[in-house]
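Engineer: How does the following fold in three dimensions:
(chains A, B, C and D)
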Protein chains: 2
Amino acid sequence: MGAAAAAPAGLSRSTEDYLKAIYALGAEGGPVQTSAIAEALEVAPASVSGMLKRLAEARLLEHVPYRGVQLTLPGRTAALRIVRRHRVLESYLTSQLGYDWDSVHEEAERLEHAVSDELIERMVRVLGDPQHDPHGAPIPSRSGEIEETAHVPLTEIDPGLCAEFRMVSDKDPERLRYIASLGLVLGAEFEVIERKPFRGPVTICVREGIQQVIGYELAASLRCTIVVEGGAA
Amino acid sequence: MGAAAAAPAGLSRSTEDYLKAIYALGAEGGPVQTSAIAEALEVAPASVSGMLKRLAEARLLEHVPYRGVQLTLPGRTAALRIVRRHRVLESYLTSQLGYDWDSVHEEAERLEHAVSDELIERMVRVLGDPQHDPHGAPIPSRSGEIEETAHVPLTEIDPGLCAEFRMVSDKDPERLRYIASLGLVLGAEFEVIERKPFRGPVTICVREGIQQVIGYELAASLRCTIVVEGGAA
DNA sequence: AAACATTTTTAGTCTTACCTAATTTCTCCC
DNA sequence: GGGAGAAATTAGGTAAGACTAAAAATGTTT
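Structural biologist: As a prediction, this is how the structure comes out:
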């Protein structure tokens, strides 16, 4: 039973988008609301209701009317297959075709529905089995396992501590360009200098003498791990 | 005026498939019949009639009812854009991702509708501006120009002459595998030994002492150029 | 030129997936 | 416990793109 849970083939582009969105929204396991899906996919809530009925009939999710939805195992497996495709594509486009981390998302978003499993596995082979995409997100395995990320938002790290920048959402190109302009590339280490109250900005020091002030919203999107001084040796 | 004729963006997958099929069928300039399109795309003739009406309304082709269709300049440009994508993809998948010439077609067929122009141009850059796809078909330029091919079917080459294998359709994987198994790779030189009448088989000699007998249908699909003995120096 | 065959088009359905508008359900507050 | 407001669903419509069956145009034969 170790293998994948019969990932259903031949899902429509729309179906794949819904499953992916529901998976992303329901990462914590709780039920996902219609309005959240509507917002994520930029469609009217009524359209979502209609699609949820079809997806529930196909046993890809369970729908409790007026309450929300939850992916079934086959639904989750199908969603993770798309997530794998998306992240492998982002990795490949970045490493082999010169894309920047702010422009790959859009391209991967279209390609993920068109590539074959074989092509994805060929890309994986060329890349040497990458574990994370260019934004630090873990790439699910072929059988649908995904690494648990235990990252902390920058807004929750106490001043004085050192941290490493580990992950950020790939959705907004402008934000990604701005982050890079601050000197924050994946794996960058920095010290938290100050944190203003009431959702105020966070000040960090990326390199000796260079401080950056980061607004709360942006800081909250930066996922980090706290660096233990002298971790090795 | 030198540039492309305003290639319309945002065509549906179906629309792109129709334009590509009509372009391929109408290579000689004559009108293309409904039934030919239906057969090429494996849809009912009635479905083709419906789509032709939409395409004519969009000014992508001219439709004379009961007679046939012909692409307009914008239609031809759009078709050549798809052909370019398809052939660049086939070249890239073969050269960079280890696909064989018999398996690339299917993958390219799906990807051609999903890739951006930017990705295609990036692939072109990695490949060093290839002029032909893995089956010898010319790759249209970005502005929609395409090389005229003046190849001869193997069935029309007289015994005693030497020829070079230049191009073959990418559609049938089994046929491609068989062709390769005969020692016929693109650019291979051979001598025509014998040609039986009444659409009979053609015998060729690929290497000293090794003769191959090729059925008429297959031989007709092999496009070649006649080799002039001692062409250089 | 009439009759038959072929090709194409029209007519009428179906499915997917979206929309707006109207209704229903849930939640929260008084 | 009743009502206001938010959220979700149903109802009814549109567009693309496919289908089958029936009708019309074209071509071929005698």
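
Engineer: what is the rounded mean pLDDT of stretch A:30-40?
Structural biologist: Taken as a whole, stretch A:30-40 has a mean pLDDT of 95.

Engineer: That stretch near DNA strand D anywhere?
Structural biologist: Yes. Stretch A:30-40 lies within reach of DNA strand D by CB under 7 Å from any atom of the strand, at A:33-35, A:38. (C-beta placed from N, C-alpha, C; glycine too.)

Engineer: Which residues does that stretch contact?
Structural biologist: Contacts to stretch A:30-40, defined as CB atoms under 8 Å, 6 or more residues apart in numbering or on different chains, come from residues A:18, A:21-22, A:24-26, A:44-45, A:47-49, A:52, A:64, A:67-70.

Engineer: let's see it at 6 Å
Structural biologist: With contact meaning CB atoms under 6 Å, 6 or more residues apart in numbering or on different chains, stretch A:30-40 is reached by A:21-22, A:25-26, A:45, A:48, A:68-70.

Engineer: and chain A, which residues reach DNA strand D?
Structural biologist: Checking chain A against DNA strand D by CB under 7 Å from any atom of the strand, the hits are A:33-35, A:38, A:45-46, A:48-50, A:52-53, A:63, A:65-66, A:68.

Engineer: what's the neighbour count on A:I82?
Structural biologist: Neighbourhood size, A:I82 [other CB atoms under 10 Å in any protein chain shown]: 20.

Engineer: in which helix or strand would I find it?
Structural biologist: Per DSSP states H and E: A:I82 is located in helix A:73-97.

Engineer: And the next helix or strand past the helix or strand where A:A38 lies?
Structural biologist: Using DSSP H and E, A:A38 sits within helix A:34-41. Using DSSP H and E, the helix or strand that follows helix A:34-41 in sequence is helix A:45-57.

Engineer: what's the angle between that next one and helix A:73-97?
Structural biologist: Helix A:45-57 runs at 110 degrees relative to helix A:73-97, counting by axes from the mean of the first three to the mean of the last three CA atoms, to 10 degrees.

Engineer: Buried residues in helix A:45-57, which are they?
Structural biologist: By neighbour count on 16 or more other CB atoms under 10 Å in any protein chain shown, the buried set for helix A:45-57 is A:48, A:51-52, A:55-56.

Engineer: what about it and DNA strand C, any contact?
Structural biologist: Yes. Contact of helix A:45-57 with DNA strand C (CB under 7 Å from any atom of the strand) involves A:46-47, A:50-51, A:54.

Engineer: Residue numbers of chain A in contact with DNA strand C?
Structural biologist: A:12-15, A:17, A:41-44, A:46-47, A:50-51, A:54, A:65-67.

Engineer: How about the contacts made by A:E208?
Structural biologist: Contacts of A:E208 by CB under 6 Å, 6+ apart: none found.

Engineer: Can you show me the strands along chain A?
Structural biologist: A:61-64, A:68-71, A:152-153, A:162-167, A:189-195, A:202-207, A:210-214, A:223-226 (DSSP state E).

Engineer: The fifth one pairs with which strands?
Structural biologist: Spelled out, that is strand A:189-195. strand A:162-167 (antiparallel), strand A:202-207 (antiparallel) (DSSP bridges).

Engineer: as a whole number, average confidence for that strand?
Structural biologist: On average, strand A:189-195 scores 95.

Engineer: From A:H86, how far out is A:E42?
Structural biologist: The gap separating A:E42 from A:H86 is 18 Å, by CB to CB, to the nearest Å.

Engineer: Which of the two has more residues huddled nearby?
Structural biologist: A:H86 (25 against 6).

Engineer: Please determine how far the more buried one is located from chain B.
Structural biologist: Using CB to the nearest CB, to the nearest Å, A:H86 is found at 13 Å from chain B.

Engineer: try A:P130
Structural biologist: 15 Å.

Engineer: and the closest residue in space to that residue that isn't next to it in sequence, how many residues sit next to it?
Structural biologist: Excluding its sequence neighbours, the residue lying closest to A:P130 (CB to CB, 6 or more residues apart in numbering or on different chains) is A:S91, at 4.9 Å. By other CB under 10 Å, the residues close to A:S91 number 24.
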